[in-house]
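S.K.: Fold the following.
(2 chains)
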There are 2 protein chains.
Amino acid sequence: MIERVMRILEVFDSGETALTASEIARRTKLPVATAYRIVGDLVASRVLEREPDRRVRIGLRLWELATRASSAVSLRDIALPYMEDLHSVVRQHTQLSVLDRHDVLYLERLTSRHATAVNATTVGSRLPALQCAPGIVLAAYAPPAVRDELLTWGKLTAFNKQTVMDRDELRKIVAEARRVGHAVVPGWIHDDVTGIAVPILAADGGAIAALSIAIERGGDDELTYMHALQTTARSISRAMHVENLVTDRRLNLLRQQIRRATARD
Amino acid sequence: MIERVMRILEVFDSGETALTASEIARRTKLPVATAYRIVGDLVASRVLEREPDRRVRIGLRLWELATRASSAVSLRDIALPYMEDLHSVVRQHTQLSVLDRHDVLYLERLTSRHATAVNATTVGSRLPALQCAPGIVLAAYAPPAVRDELLTWGKLTAFNKQTVMDRDELRKIVAEARRVGHAVVPGWIHDDVTGIAVPILAADGGAIAALSIAIERGGDDELTYMHALQTTARSISRAMHVENLVTDRRLNLLRQQIRRATARD
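M.R.: Residues are numbered from 1 along each chain as shown, chains lettered A, B, ... in the order given. I've put the predicted structure just below:
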């Protein structure tokens, strides 16, 4: 049953935001009656929301549940003020991402009106880890077993003629990223975009996340941005340690009070 | 079944981020064997993630599914750059929220190191709508039936001696917010915090969301901030209309290619 529900929710992954129950049945290959029944149950429990035209979309309640308790969100909350500082200094698209199996998953993205680079990523979107700057640094600072598995099995898609498809060459690129502490990926996915990424490190030296910017390929020297990226990544690491220590008792008490005042009816 | 799953996910609403299966059984009042089985299924489909200490938490996959397709996120994505501009000018905690039944649900929050006010809200958290500035403007710009229902049945909690508990007085405050186009709520929840909110309006004149800041009570005159808040709210309304019209075909094509390259294994 849970597997069926997930199949339904995953239909919305493909870029569509609202679908009819029959479209859902077709795409999930579930019997129409089953799809209708599950969609109805999901609407009743507010996992899905029905629009006036009868199509359904992912509901606010699911977003809320996933947002409140997810580790992605705590990381993103801590990183955001530092990302804003970086963003207002470098004036380029600024991103926070984590490694999820063979992909990089974007937790946050600040776009810039001043930026000349195209930005294909959105919050919650993915890129193949071996084909983008954040993925290369996350691989470089992953445990050896994770790195090997990714380098051996990670999917490769030829987006254009810059795309590196050779696994031995990728292995060298990842090793080099580990040596220099950053990755520069020029136009592997979009011809005109260079990605620059640095790791956000935990106390054990492994990467928790990647901080990256997307700049116009062939524009500024990438090294121009490197110090700002690296100092910001260190500030975020530092803030994560502190955040775990600080608890404001009075504020926690107020938050508990608020939670009771807004408890589900 | 879906109702049971939701009961389990809702346990994480109470401020805990990681729980054992037996704690989940106790709090949901589900039989232990049932709770264990469902938790196992949810871990298998990555709705929950198991930590090294066997406790489970809301998984990254659920966050991703909820984030990609939710209307909350599209609204937040469009509003964020404008919120950042406002935030860097007024240097106060800046929030975006929507009305969800009797509560205000916070979609985004930018904190400020320069701000002197305490900020009790986080992304995904709620406040009782009748007791905070965003809720008052959202009620003021809601359809009459929604406003009446909220004013009649919305829960009231006495947080402190400023809290307005009288429904007739609240009705007047909401009417006044509609007349002047903003709401100022001094210390109803936290003694030292004043909330200031303006509506983000749809083409039909109803509120889609509220834009608000939290300032120190008894500090600056609230009106100092009003013009900046109102112009920003209008920019966001305007951007939402434009966003619906613009589609970059080449970028959409690249995004489709990326989705295929990161499709679930």
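S.K.: From now on I want contacts and neighbour counts done on CA atoms only, so please keep to that.
M.R.: Fine.
S.K.: Show me what the residue nearest in space to the middle of chain A is bridged to.
M.R.: The centre of chain A sits closest to A:Tyr106, judged by C-alpha atoms, centre = their mean, with a distance of 1.6 Å. Note on A:Tyr106: beta-bridge partners A:Ser97, judged by DSSP bridges.
S.K.: Assess the claim that it and A:Asp100 are in contact.
M.R.: No: with contact defined as C-alpha atoms under 8 Å, A:Tyr106 does not reach A:Asp100; the gap is 9.9 Å.
S.K.: what separates the residue located most distally from the centre of chain A from A:Val118, distance-wise?
M.R.: Among residues of chain A, the one most distant from the C-alpha centroid is A:Ala33; the distance is 35.0 Å, by C-alpha atoms, centre = their mean. Note on A:Ala33: its distance to A:Val118, by C-alpha to C-alpha, to the nearest Å, is 43 Å.
S.K.: Could you check which residue of the stretch 101-250 of chain A lies nearest chain B?
M.R.: Of all residues in the stretch 101-250 of chain A, the one sitting closest to chain B is A:Gly124 (5.1 Å; C-alpha to the nearest C-alpha).
S.K.: show me what contacts that residue?
M.R.: With contact set as C-alpha atoms under 8 Å, 6 or more residues apart in numbering or on different chains, A:Gly124 has these partners: A:105-108, B:63-65, B:67-68.
S.K.: mind pulling up the phi and psi values for the spatially closest residue to A:Arg55 that is not a sequence neighbour?
M.R.: Across the structure, with C-alpha to C-alpha, 6 or more residues apart in numbering or on different chains as the measure, the residue nearest A:Arg55 apart from its sequence neighbours is A:Thr20 (4.3 Å). Dihedral angles phi and psi of A:Thr20 (degrees, to the nearest 10) take the values phi -80, psi 160.
S.K.: Go ahead and confirm A:Thr20 touches A:Arg54.
M.R.: Yes: taking contact to mean C-alpha under 8 Å, the distance of 6.6 Å between A:Thr20 and A:Arg54 places them in contact.
S.K.: and these two? which has more neighbours close in?
M.R.: A:Thr20 (16 against 12; other C-alpha atoms under 10 Å in any protein chain shown).
S.K.: How far away from the center of its chain is the least confident helix or strand in chain A by mean pLDDT?
M.R.: Lowest mean confidence among the helices and strands of chain A (mean pLDDT, DSSP states H and E): helix A:249-261, at a mean of 73. On the basis of C-alpha atoms, centre = their mean, to the nearest Å, helix A:249-261 sits 30 Å off its chain's mean C-alpha point.
S.K.: Tabulate the CA atom coordinates of that helix in PDB.
M.R.: Coordinates of each C-alpha in helix A:249-261 appear next as PDB, following Å, rounded to 0.1, in the frame of the first residue of the first chain:
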ATOM      1  CA  ARG A 249      14.900  27.700  27.200                       C
ATOM      2  CA  ARG A 250      12.400  30.500  27.200                       C
ATOM      3  CA  LEU A 251      12.100  30.400  23.400                       C
ATOM      4  CA  ASN A 252      11.600  26.600  23.500                       C
ATOM      5  CA  LEU A 253       8.900  27.000  26.000                       C
ATOM      6  CA  LEU A 254       7.100  29.600  23.800                       C
ATOM      7  CA  ARG A 255       7.400  27.300  20.800                       C
ATOM      8  CA  GLN A 256       5.800  24.500  22.800                       C
ATOM      9  CA  GLN A 257       3.000  26.800  23.800                       C
ATOM     10  CA  ILE A 258       2.500  27.800  20.200                       C
ATOM     11  CA  ARG A 259       2.400  24.200  19.100                       C
ATOM     12  CA  ARG A 260      -0.300  23.400  21.500                       C
ATOM     13  CA  ALA A 261      -2.200  26.500  20.300                       C
END
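S.K.: In contact with A:His102, which residues are there?
M.R.: A:His102 makes contacts with A:128-130, A:150, A:154-155, B:262, as judged by C-alpha under 8 Å, 6+ apart.
S.K.: swap the cut-off to 10 Å and go again
M.R.: Under the criterion of C-alpha atoms under 10 Å, 6 or more residues apart in numbering or on different chains, the neighbours of A:His102 are A:126-130, A:135, A:139, A:146-147, A:149-151, A:153-156, B:262, B:264-265.
S.K.: Pull up the gap between it and A:Gly135, please.
M.R.: A:His102 sits 9 Å away from A:Gly135, taking C-alpha to C-alpha as the criterion.
S.K.: Common neighbours of these two, please.
M.R.: Contacts common to A:His102 and A:Gly135, judged by C-alpha under 10 Å, 6+ apart, are A:127-129, A:150.
S.K.: re earlier: is the residue farthest from the centre of chain A within a helix or a strand, and which one?
M.R.: helix A:32-44 (DSSP states H and E).
S.K.: Run through who's touching that helix.
M.R.: With contact meaning C-alpha under 10 Å, 6+ apart, helix A:32-44 is reached by A:1, A:4-5, A:8-9, A:20-26, A:28-30, A:45-50, A:56-59, B:1-3, B:6.
S.K.: and A:Asp13, how many residues sit next to it?
M.R.: Other residues within reach of A:Asp13, judged by other C-alpha under 10 Å, total 19.
S.K.: near chain B, which residues of the stretch 101-250 of chain A show up?
M.R.: Residues of the stretch 101-250 of chain A found near chain B, taking C-alpha under 10 Å from any C-alpha of the partner chain as the criterion, are A:101-113, A:118-129, A:154-159, A:189-190.
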